[in-house]
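J.: Predicted coordinates and the sequence they were generated for:
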Amino acid sequence: MRFPAEARRDVHVRYTRPSCMGGFAVFTVDFEPLPDGRLGFEFVNPLSPEDIDAECARAVSDGILLWLIGAGPRNVNFDRPPLPTAKGLAAGVPVRPDAGPGLIALRAVLRHSRLNPIDSLPWTHARAGWRAADKTWRGAEATGDPMDLAP
């Protein structure tokens, strides 16, 4: 069985942490099954560097993949487990147990992003990527998140 079985579109995440360290990540991502029965994980970023820089885009990808392999929110930036290689993912990596049975077969496509020249940092984008994946599979439980509604 491949995970996910169906596409989830327009997953909007707003992750802000006002503090002396800052932290700002706002983006929309689509999750879809890989075509042709393939296994693995693909992250597609068609956006320009004015929308999101390469380091922050890579952090979004890492955050999503960390959620998929079962890392908790505290493991995104600290005590991070090793990420599976592309070769390992293509051979078949089980998705986190609470998401149901299956092997990872996911394409994540970044659709929109806002960049803050000071506060858009890789660590906030990694946390936001993790949240995007979590929100997607929690479904209705994740709607109305106050952080997504903040100005």
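T.: Arrived safely, thanks for sending.

J.: For the residue nearest to residue 81 when sequence neighbours are not counted, what are phi and psi?
T.: Once flanking residues are discounted, residue 81 sits nearest to residue 71: 5.5 Å by C-beta to C-beta, 6 or more residues apart in numbering. Using the backbone N, CA and C atoms, a C-beta is placed for each residue, glycine as well. As for residue 71, its main-chain torsions (degrees, to the nearest 10) stand at phi -70, psi 140.

J.: So residue 71 sits against residue 127, correct?
T.: No - taking contacts as C-beta atoms under 8 Å, residue 71 lies outside contact range of residue 127: 11.3 Å.

J.: The two: which has the busier surroundings?
T.: residue 127 (23 against 19; other C-beta atoms under 10 Å).

J.: so residue 25 is in which element?
T.: strand 24-33 (DSSP states H and E).

J.: Which positions in stretch 70-81 come out as buried?
T.: Within stretch 70-81, the residues that qualify as buried are 71, 76-77, counting by 16 or more other C-beta atoms under 10 Å.

J.: average model confidence for that stretch?
T.: In this model, stretch 70-81 carries a mean pLDDT of 92.

J.: got the CA coordinates for it in PDB?
T.: Provided in PDB are the C-alpha atoms of stretch 70-81 (Å, rounded to 0.1, in the frame of the first residue of the first chain):
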ATOM      1  CA  GLY A  70       7.500   9.600  12.500                       C
ATOM      2  CA  ALA A  71       9.600  12.400  14.100                       C
ATOM      3  CA  GLY A  72       7.800  14.400  16.700                       C
ATOM      4  CA  PRO A  73       7.600  18.200  16.700                       C
ATOM      5  CA  ARG A  74      10.500  18.500  19.200                       C
ATOM      6  CA  ASN A  75      12.700  16.300  16.800                       C
ATOM      7  CA  VAL A  76      12.400  18.800  13.900                       C
ATOM      8  CA  ASN A  77      15.200  21.100  15.100                       C
ATOM      9  CA  PHE A  78      16.700  19.100  18.000                       C
ATOM     10  CA  ASP A  79      17.600  15.500  18.300                       C
ATOM     11  CA  ARG A  80      16.700  15.100  14.600                       C
ATOM     12  CA  PRO A  81      16.600  11.600  13.300                       C
END
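
J.: And the strand holding residue 25, what does it pack against?
T.: Under the contact criterion of 3 or more C-beta pairs under 8 Å, 6 or more residues apart in numbering; DSSP states H and E, strand 24-33 touches strand 8-16, helix 54-69, strand 103-114, helix 122-138.
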